Structures are given as C-alpha cells and as structure tokens.
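[1] below is the structure, and that's it, no one-letter string:
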C-alpha cells in the first residue's frame, strides 16, 4: 500500500509555494497533515490548539478536517510566517491566529479547554509540557511530530528528544503511542478526569 496522501486541502499548495519562496523549511509534511485532518474530524464541535502556526500548512489540514462548529486557535511568534497563514486561511471564521510566544500563551491559557493540541514548536513539547497537558480536556489528544532523527538536528537535539519520549511514557495523566510515520509522531490522550 502506498501511504502517501492522495488528497491535499485546497489552500495547501499555495501555502507551500509561498513557504518555499521565503526559504522556510520547518513545515509539516503531507503525511502529518493527513493524520491531523483525520484527528480534527474525530473531534466534532472541538476546540483545537496549534502551537507553531509557521506559514499555516498544518493549519490548513486541521481546518480541512474540522466541522463547522469546531474552533482552532493557532499560535505563532514570527509575524512574517503567520502572515502567509493569514493570507490563505484568515478568512475562515473557525480559526483564530494569535501572534504570541507559545510559552507565554501556554502560561496564560485557561486549563482543560482543548480537545486536541498539536505542539509543533518547542514550547508545549520540549518546554512547558505540563502547561500544555493541563490545557487538555479529559479525552483530549496531544500530538507532536519530528520525533525521528533528522539530518538537520544539532547533536544535542537527540538527547532532548530521548528525554521527551521517556517523560511522555512515564506520565500518568497521558496514554501515548509512538508512530513511525512521517517525521515520527507521538499521539497521546489525556486520561485524568480532574485535569
């Protein structure tokens, strides 16, 4: 079976073209997008959070899976990158693009309000993990990518990923599984009813 997605959201190609034009290389890949789209569809009337909008490529996939009653908050600290997302996705009333540092957003956000969090930046993944997990509703999904070794990684990054994977497997408030898919995905679900 060929596991490459056969579908792409309508705005994905235009976003990717502008992303390449500015030299931004940190977009999620289509396999990750395909999984995000499906997970977003599994949360009808859901409240979703994306940490690290980038240029909006993964954002487009999330929006494509969401129903009309769902809402997505996407946080990005680089206005230049988020401007591309705004251009292609800002007209969608289901998305709120927040120009902010993800760590600051996590620290100030109301707990237990999200059905799905895609943490695609350092804060919420390598830092501020407790704050991110606290934002999940019971049964909420936590998704991260880039867990398989990449040629672009600095040497010390391997240790950060190893520590994160160990921490996720030891947490009692999450059940998680690792997928050898795309750049390496971890899916976790919030299991504490008092989160």
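    Happy to help now that I have it. What you see is a predicted model; the values in this text were computed from it and never measured.

[2] just the element for the most centrally placed residue in the chain, please.
    Most central residue of the chain, judged by C-alpha distance to the mean C-alpha position with CA atoms, centre = their mean, is residue 118 at 2.4 Å. In this assignment (DSSP states H and E), residue 118 forms part of strand 114-119.

[3] who's in contact with that strand?
    Strand 114-119 is contacted by residues 36, 39-40, 43, 46-52, 58, 62, 124-125, 132, 135-137, 139-144 when judged by CB atoms under 8 Å, 6 or more residues apart in numbering. In short, each C-beta sits where N, CA and C put it, glycine included.

[4] still on that earlier bit, beta partners for the residue nearest to the centre of the chain?
    Here residue 118 sits in beta bridges with residue 50, residue 143, as judged by DSSP bridges.

[5] continuing past the longest helix seen in the chain, what's the next helix or strand?
    For the chain, the helix that runs over the most residues, judged by DSSP state H, is helix 157-170. Under the assignment DSSP H and E, the closest C-terminal helix or strand after helix 157-170 is strand 174-179.

[6] which helices and strands sit right next to the helix or strand following that following strand?
    Going down the chain from strand 174-179, the next helix or strand is strand 185-190, by DSSP H and E. With contacts defined as 3 or more CB pairs under 8 Å, 6 or more residues apart in numbering; DSSP states H and E, strand 185-190 has these neighbours: helix 30-41, strand 136-144, helix 157-170, strand 174-179.

[7] residue 127 and residue 103 touch, don't they?
    Yes: counting by CB atoms under 8 Å, residue 103 is a contact partner of residue 127 at 6.4 Å.

[8] of the two, who's got more company?
    Of the pair residue 127 and residue 103, residue 103 is the one with more neighbours under other CB atoms under 10 Å, namely 19 against 15.

[9] spatially nearest residue to that one (excluding sequence neighbours)?
    If the residues on either side of it in the chain are set aside, residue 103 comes closest to residue 123, at 3.9 Å by CB to CB, 6 or more residues apart in numbering.

[10] give me the distance between that neighbour and residue 102.
    4 Å (CB to CB, to the nearest Å).

[11] give the residues shared as contacts by those two.
    Common contact partners of residue 123 and residue 102 (CB under 8 Å, 6+ apart): residue 51.

[12] more crowded one of those two?
    residue 102 (27 against 22).
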